[in-house]
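>>> next come a sequence and a model predicted from it.
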Amino acid sequence: MSTTRRRLLQGGAALGVAAAIPVGQHVAWGGKDFARADYNPDYPAPPEGEESWMNWSGIQRATPRTIAAPETEEALIDLISSTQSSLRPKGSGHSFTGLVPSEDTIVDLANLSGLKAIDSETGLARFGAGTVLFQAAGALDDHGRAFPNLPDIADQTLAGSCSTATHGTGARLPAMHAQIEAFRLVTASGEVRNVSAASDGDLFAAGKVSLGALGIITEYTLATVPAYNLHRLVAAEPLQQVFDSAEARADENRNFEAYYLPGTGVAATITHNIHDGEITGRPPSEDDELLLGLKDLRDSFGWWPWLRRKIAGAALPGGTVEDVSDASWRLLSTTRPIRFNEMEYHLPRAEGIAALRKVTTMMDRRKQVFFPMEIRFTAPDDAWLSPFNDGPRISIAIHAAVDEPYEYFFSEFEPVFRAHGGRPHWGKLHSLGHDELTGLYPEFESFRELRRSLDPDGRLLNPHLAELFGEAERA
Ligand SMILES: Cc1cc2nc3c(=O)[nH]c(=O)nc-3n(C[C@H](O)[C@H](O)[C@H](O)COP(=O)(O)OP(=O)(O)OC[C@H]3O[C@@H](n4cnc5c(N)ncnc54)[C@H](O)[C@@H]3O)c2cc1C
């Protein structure tokens, strides 16, 4: 067990404070079952002859007639042209919203993957759309190139990431889809389009973030940068200090983000900056041990907020807790073995810290919560459905352990995010439909018309997309 977890567990005893708690209350809280009644970690049982699919966290489920994995683009065209079935493309299944589920055909692009070509002069790289981010980043590294930024994990596919405006953090760094120079799209009629800003400006602006609603993307040409190393600093700090300094630190550092540890008053900040010297490499992460420690702290002392905070203050390390350097792609993305559900809203930068103050207070009042909140910065781009297309935004993400309730995301937190001008992450939990989205995105109706023209029969719609695009009668 890591020092952090043991220290958190022993913190209460060491402070001698547990004795101050009435035994009955301690037993009542300690015996509480925090799991939600409808939690089910198993794949759905499909009817005979059908298949089973669920997303990473298990809240999106389907028993499609088939999960097709075409070997080539030609095989994909044959699949589309030889049937009239409904189709939903899937990546790695890391979206929390119902973008992928289909009871008809789910199309897995895993076979259309890998680096196809790279231009050593321009750095333009052509990848199969089903390439997983860490494979893409590794292949670029072999050629002395890199992505300017990456999300928290790199298990998503290129198509899945770009289609939902997946982002990392960095006030001067836009989301992943901003690297797209061109893509190949197979439409619902089986037609192949080679799309770039020059060939079709509207389809290019719409297709970069397209939720798998315009067709199936088979290939991307992406801009890359020369490979670079980063220096990573992780520090534990009082939350108030983060409120006061976050804006300036986001501007001063290449990548800046913060995690608030609910109920503790403590935040972990992470900065990455360009590193030119020898690299240290990064030892295995202890993030999950910290998470289990926070859960233990909630399980034992969550009923008494003052006590939880006091123990955390005494047991959590202060100041710098990690100081390492390595290749950019080895540091920017890590792993998340402990599963969760998530809502993330992207707020105009001017609103971000005010909203953050509110939601951290609200989160502290919810004694059951232990999963950290994440705060990140993203630069603008111009894709029609990019949440970042009207200026820089601060993203606030809230998480609940995979087996615990998350309904309060919608009832308590989403209204606050919306009141502060937030736009939801397309792949993370939100309740918005066509009317709200039309109000949030100036190009939403243009996207909808383009979608209809490319897919007049609604073959790419499922119930979630029908809700987003006001197409209930066609799904
Ligand atoms: C542990 C975890 C960490 C995460 N970290 C981050 C993060 O740091 N930053 C962030 O912004 N998000 C993050 N996300 C969200 C995630 O990046 C997005 O939901 C992303 O879309 C998932 O990619 P995927 O390959 O799993 O795609 P899926 O979830 O399978 O699909 C996503 C969308 O892409 C479409 N799609 C897939 N392939 C194609 C194709 N070939 N053609 C057309 N459309 C296609 C699908 O139809 C769907 O609409 C995280 C999610 C998890 C579970």
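Arrived safely, thanks for sending.
>>> use CA for all of it now, contacts and neighbours both
Noted.
>>> do you know the pLDDT at the residue of the stretch 251-400 of the chain found nearest the ligand?
Using Cα to the nearest ligand atom, the closest approach of the stretch 251-400 of the chain to the ligand is made by R336 at 5.3 Å. At R336, the model reports a pLDDT of 89.
>>> please list the residues of the stretch 101-250 of the chain that sit near the ligand.
Residues of the stretch 101-250 of the chain found near the ligand (Cα under 6 Å from any ligand atom) are 109, 129-130, 151-153, 156-157, 159-161, 163-164, 166-168, 211-212, 215-218.
>>> and if we set it to 5 Å?
Proximity of the stretch 101-250 of the chain to the ligand is assessed by Cα under 5 Å from any ligand atom, with 151-152, 156-157, 159-161, 163-164, 166-167, 211-212, 216-217 identified as the residues in range.
>>> of these, which belong to helices?
A159, G160, S161, S163 (DSSP state H).
>>> Provide a list of residues in contact with the second one.
Each residue near G160 by Cα atoms under 8 Å, 6 or more residues apart in numbering is listed here: K90, G91, S92.
>>> again, but for the third one
With contacts defined as Cα under 8 Å, 6+ apart, the neighbours of S161 are M176, H177.
>>> what pLDDT does it get?
Looking at S161, its pLDDT stands at 98.
>>> quick one: it from K428, how far?
Distance from S161 to K428, counting by Cα to Cα, to the nearest Å: 12 Å.
>>> again, but for the last one
In this view, S163 and K428 are 13 Å apart by Cα to Cα.
>>> could you check how far the residue nearest in space to the middle of the chain is from E71?
In the chain, the C-alpha nearest the mean C-alpha coordinate belongs to T166, at 6.1 Å (Cα atoms, centre = their mean). Computed as Cα to Cα, the T166 to E71 distance reads 26 Å.
>>> and the strands in the stretch 251-400 of the chain?
255-261, 266-275, 319-327, 340-348, 373-378, 393-401 (DSSP state E, counting those that start in this stretch).
>>> to R418, which of these lies closest?
strand 340-348 (8.2 Å; Cα to Cα).
>>> so what strands line up beside that closest one?
Next to strand 340-348 in the sheet, as set by DSSP bridges, lie strand 393-401 (antiparallel), strand 423-424 (antiparallel).
>>> show me which of S163 and K428 is the more surrounded one.
Relative neighbour count places S163 above the other of S163 and K428, with 25 against 20, counting by other Cα atoms under 10 Å.
>>> only the buried residues of stretch 402-411, if you could.
Of the residues in stretch 402-411, V402, D403, E404, P405, Y406, F409 count as buried by neighbour count, 16 or more other Cα atoms under 10 Å.
>>> any idea how far apart the tips of that stretch sit?
Between the start and the finish of stretch 402-411 there is a gap of 18 Å, counting by Cα to Cα.
>>> does any part of it sit near the ligand?
No: for a cut-off given as Cα under 5 Å from any ligand atom, stretch 402-411 has no contacts with the ligand; the smallest distance is 10.6 Å.
>>> again with stretch 278-288
No: judged by Cα under 5 Å from any ligand atom, stretch 278-288 and the ligand are separated, with a smallest distance of 12.5 Å.
>>> check which residues of that stretch are buried.
Neighbour-count burial for stretch 278-288, counted by 16+ other Cα under 10 Å, picks out D287.
>>> so what would you say the end-to-end distance of that stretch is?
Distances were taken as Cα to Cα; on that basis the terminal residues of stretch 278-288 are 28 Å apart.
>>> and that stretch, average pLDDT?
For stretch 278-288, mean pLDDT is 90.
>>> what's next to it, contact-wise?
Taking Cα under 8 Å, 6+ apart as the rule, stretch 278-288 contacts S2, N229, V324, S325, D326, A327, L331, R336, P337, I338.
>>> and stretch 58-68, by the same measure?
With Cα under 8 Å, 6+ apart as the test, stretch 58-68 has contacts from 40-47, 49-55, 96-98, 101-108.
>>> show the average pLDDT along it.
Per-residue confidence for stretch 58-68 averages out to 98 on the pLDDT scale.
>>> circling back to that earlier point, mind listing what the residue of the stretch 251-400 of the chain closest to the ligand touches?
In this structure, R336 makes contact with I153, D288, judged by Cα under 8 Å, 6+ apart.
>>> reformat the strands of the stretch 251-400 of the chain as JSON lines; add mean neighbour count, distance to A312 and mean pLDDT.
What follows is the strands of the stretch 251-400 of the chain, written out as JSON lines (neighbours: other Cα atoms under 10 Å; distance: least, Cα to Cα, whole Å; pLDDT from 0 to 100):
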{"stretch": "strand 255-261", "mean neighbour count": "25", "distance to A312": "9", "mean pLDDT": "97"}
{"stretch": "strand 266-275", "mean neighbour count": "21", "distance to A312": "8", "mean pLDDT": "97"}
{"stretch": "strand 319-327", "mean neighbour count": "17", "distance to A312": "14", "mean pLDDT": "96"}
{"stretch": "strand 340-348", "mean neighbour count": "24", "distance to A312": "22", "mean pLDDT": "98"}
{"stretch": "strand 373-378", "mean neighbour count": "24", "distance to A312": "16", "mean pLDDT": "98"}
{"stretch": "strand 393-401", "mean neighbour count": "23", "distance to A312": "20", "mean pLDDT": "98"}
